[in-house]
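Undergrad: next come a sequence and a model predicted from it.
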Amino acid sequence: MIDEDKVQLLPDRIYENFLQTTLFVTGGTGFMGKVIIERLLRVFDVKKVYVLVRFKKDTSPKVRLAEIFTNPLFQKVRELKGAQIFEKCVAIVGDVTKDNLGLSVEDRETLKGEVEYVIHAAATVRFDEPLKSALLINTKGVFSSLQLAEEMQKLKCFAYISTTFCHPEEEVLEEKVYRSSHNPEKFIKVADWFDDNTIAAMAKTLLDKVPNTYTFSKALAEDLVADAMDTIPAIILRPSIVIPVWKEPLPGWFDNVNGPIGVLIAAGKGVLRTMYGNKDMYADIISVDAAVDGVFVYCAYSIINRFETRVYNICTNREVGLTWQGIYELSEKVFIDEVPFDLILWTPGGGMTNCKIAYYFMLVFKQLIPALLIDTLLPLFGYKPFLWRTQMRIINGLDIFRYYTSRQWMFDNGNVIIMREWLNSKESSRYAVYTQDMNYEQYMMNGILYARKFLKEPDENLPLARRRIKRMLFVDKVCGVLLKLLLAYLFYKLVVSLVINL
């Protein structure tokens, strides 16, 4: 048995590395960025966190940062440390798409003189982002951050958050630097000089075999960080597909319906009934709290070990063994047996297939035809049609996502495994870098429960939702039988017609 008293006497080297330090965070208003800030305020005792925030419409950076702290994610730290804890965060007016991050001379001097850690999390994660925007946000932003970091007098570590999908040409992505065949600085100049239409016209040729602008721009950014490693203490962190919070502070938390969580909600609502992909491939997913805890652990580990390791693939790499079909079936089970949504179009179900005929058959009969029928009826009851338009958005989104579900991705995470062994018992219990013991059914349930809150579906409606879905299951079975009889009849008529014509 573990002696808890002895464990408490062990040092927490990660905590000690960040004790009373000053950090500069970009991307703090994003999904991972919010979790980074929350962790810094709740888990650590930092001196100050400078957060780069741009003006958005008529909302100032200071107001935008204050609004973030009203998010449910920050409720726990507010209860533990009081509202005054947020005073440690200071909004810095800037924009990653601008020269020198759009910083004022005064703010730049402040950052140069005080900052010890830079966490560059700013990024657009849209796969269909126009190339110009992707280059300005994902590549130029890193370039400007590195320029600033090189002038920082107290810099201990520059952590760049990349992605495991930045080099899809590699059969196995190792934890090392990969050089791009393109010059990142030239592409930054292209993005600065040419308009959207001109760059969009170049995109097909420029991207070549790269699947999207996200992958292309992130790979270029890694090249910039690799160049800077000769002059500053920089590391590259590559999380795989980042999903909602696993443990703390709020299990299931997310802040947008893009990516996997949008697919989950669409499936739970019965709007999404089929997906195209290889259902037997392993899904490399990582919870946002595990990824963010990794950021802090790898920073400390790199510093203590004098940056012998510079690249970390933050992934599960088959350690969990969860396939795409497994995720689909697990979500269906939880939706039907435990936590259904209040308002559903149809019962959750269907699945993933790599057979195009089966996929298009399911798409037409279980998504498109029902959408068309319902949209035809809605005006009769005084409602505007919306379902066909929703289906088109889902199909377009899944067409982009298909690239990632149709092949087996292999990521080496040897450096991460070595780091885990380096942690002592106290550190292992405090930082969620071990995901092998995750209960995925409970995790899925937490995610769906939070999705209900996100969609403003109160918990007291759950008993009614469970009764409603049981009725829908009966209707679904009846409709399934009728559809099979209809198809059998049509097949019979076709055969009879062919025999008669003979």
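TA: Looks like it came in fine.

Undergrad: quick one: end-to-end distance for stretch 248-259.
TA: Stretch 248-259 has an end-to-end distance of 21 Å (Cα to Cα, to the nearest Å).

Undergrad: could you do stretch 364-374 as well?
TA: 14 Å.

Undergrad: again, but for stretch 56-73
TA: Rule used - Cα to Cα; the end-to-end distance of stretch 56-73 is 22 Å.

Undergrad: in it, what counts as buried?
TA: Going by neighbour count (16 or more other Cβ atoms under 10 Å), the buried part of stretch 56-73 is 61, 64, 65, 68, 69, 73. The C-beta positions use only the backbone N, C-alpha and C, and glycine is treated the same way.

Undergrad: how far off centre is that stretch?
TA: 21 Å (Cα atoms, centre = their mean, to the nearest Å).

Undergrad: list the contacts of it.
TA: Applying Cβ atoms under 8 Å, 6 or more residues apart in numbering, the contact partners of stretch 56-73 are 28-29, 34-35, 37-38, 51, 53-55, 74, 78, 86, 89, 91-94, 245, 249-250, 253, 255, 453.

Undergrad: in strands only, show me these.
TA: 51, 53, 89, 91, 92, 93 (DSSP state E).

Undergrad: quick one: which of the buried residues of stretch 56-73 is nearest residue 104?
TA: Using Cβ to Cβ, the shortest approach to residue 104 within the buried residues of stretch 56-73 belongs to residue 61, at 11.7 Å.

Undergrad: hang on, the earlier thing: top of the ones in strands among the contacts of stretch 56-73 by number of neighbours, please.
TA: Taking other Cβ atoms under 10 Å as the neighbour criterion, residue 53 ranks highest of the ones in strands among the contacts of stretch 56-73 with 27 neighbours.

Undergrad: what sits closest to that residue if chain neighbours are left out?
TA: residue 61 (3.5 Å; Cβ to Cβ, 6 or more residues apart in numbering).

Undergrad: now residue 232: how far from residue 160?
TA: 11 Å (Cβ to Cβ, to the nearest Å).

Undergrad: still on that earlier bit, how about the ones in strands among the contacts of stretch 56-73, which pair is most distant?
TA: 89 and 93 (14.0 Å).

Undergrad: who are the contact partners of residue 349?
TA: Counting by Cβ under 8 Å, 6+ apart, residue 349 has contacts 270, 273, 332, 476.

Undergrad: the third one: neighbour count?
TA: One way to gauge burial is a neighbour count; for residue 332, by other Cβ under 10 Å, it gives 18.

Undergrad: now the host helix or strand of residue 427: mean pLDDT?
TA: Taking DSSP states H and E as the criterion, residue 427 maps to helix 425-430. In this model, helix 425-430 has an average pLDDT of 90.

Undergrad: what's the offset of it from the middle of its chain?
TA: On Cα atoms, centre = their mean, the centre of helix 425-430 falls 25 Å from the chain's centre.

Undergrad: got the CA coordinates for it in PDB?
TA: Only the C-alpha atoms of helix 425-430 are listed here, as PDB (Å, rounded to 0.1, in the frame of the first residue of the first chain):
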ATOM      1  CA  SER A 425       3.900   9.500  -6.700                       C
ATOM      2  CA  LYS A 426       2.800  12.900  -5.600                       C
ATOM      3  CA  GLU A 427       3.300  14.500  -9.000                       C
ATOM      4  CA  SER A 428       1.500  11.500 -10.700                       C
ATOM      5  CA  SER A 429      -1.600  12.000  -8.500                       C
ATOM      6  CA  ARG A 430      -1.700  15.800  -9.100                       C
END
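
Undergrad: who touches that helix?
TA: 2, 7-8, 10-15, 43, 297, 420, 434.

Undergrad: before we move on, back to that, buried among the contacts of stretch 56-73? Need that as a selection in ChimeraX.
TA: Isolation of the buried members of these (16+ other Cβ under 10 Å) is achieved in ChimeraX through the command below:
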select :28,29,34,35,37,38,51,53,54,74,78,86,89,91,92,93,94,245,249,250,253,255
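
Undergrad: how close does the residue positioned nearest the centre of the chain sit to residue 298?
TA: Nearest residue to the geometric centre of the chain (Cα atoms, centre = their mean): residue 242, 3.6 Å. Separation of residue 242 from residue 298 (Cβ to Cβ) stands at 15 Å.

Undergrad: just the buried residues of the helix holding residue 427, please?
TA: Here helix 425-430 shows 426, 427, 428 as buried, counting by 16+ other Cβ under 10 Å.

Undergrad: closest to residue 109 out of those?
TA: For these, the nearest to residue 109 is residue 427 (35.8 Å; Cβ to Cβ).

Undergrad: could you confirm residue 242 falls within a strand?
TA: Yes. According to DSSP: H, G, I helix; E, B strand; the rest coil, residue 242 belongs to a strand.

Undergrad: list the contacts of it.
TA: So residue 242 contacts 31, 32, 285, 286, 287, 288, 291 (Cβ under 8 Å, 6+ apart).

Undergrad: these in helices, which ones?
TA: Judged by DSSP state H, the subset of these located in helices is 31, 32, 288, 291.

Undergrad: which one of those sits in the busiest neighbourhood?
TA: residue 291 leads the ones in helices among the contacts of residue 242 on contacts (other Cβ under 10 Å) with 26 neighbours.

Undergrad: quick check: buried residues in stretch 7-14?
TA: For stretch 7-14, using 16+ other Cβ under 10 Å, the buried residues are 12, 13, 14.

Undergrad: no wait, stretch 376-388
TA: residue 387.

Undergrad: end-to-end on it?
TA: 10 Å.

Undergrad: again with stretch 138-156
TA: 23 Å.

Undergrad: give me the pLDDT for residue 365.
TA: At residue 365, pLDDT is 84.

Undergrad: count of neighbours near the residue lying closest to it once chain neighbours are set aside?
TA: With sequence-adjacent residues excluded and distances taken as Cβ to Cβ, 6+ apart, residue 365 is closest to residue 483, at 7.0 Å. Number of residues near residue 483 (other Cβ under 10 Å) recorded here: 12.

Undergrad: helix or strand for residue 483, which one?
TA: Secondary structure assignment for residue 483, by DSSP H and E: helix 462-501.

Undergrad: for that helix, buried residues please.
TA: Buried-residue list, helix 462-501, by 16+ other Cβ under 10 Å: 462, 465, 468, 469, 472, 476.

Undergrad: contact partners for the fifth one?
TA: Okay, so that is residue 472. Residues near residue 472 by Cβ under 8 Å, 6+ apart: 270, 344, 346, 347.

Undergrad: low pLDDT regions in the stretch 251-400 of the chain?
TA: Counting by pLDDT under 70, the stretch 251-400 of the chain has low-confidence residues at 318.

Undergrad: would you map the strands across it?
TA: Shown for the stretch 251-400 of the chain, the strands assigned by DSSP state E, counting those that start in this stretch span residues 274-276, 285-287, 311-314, 351-353.
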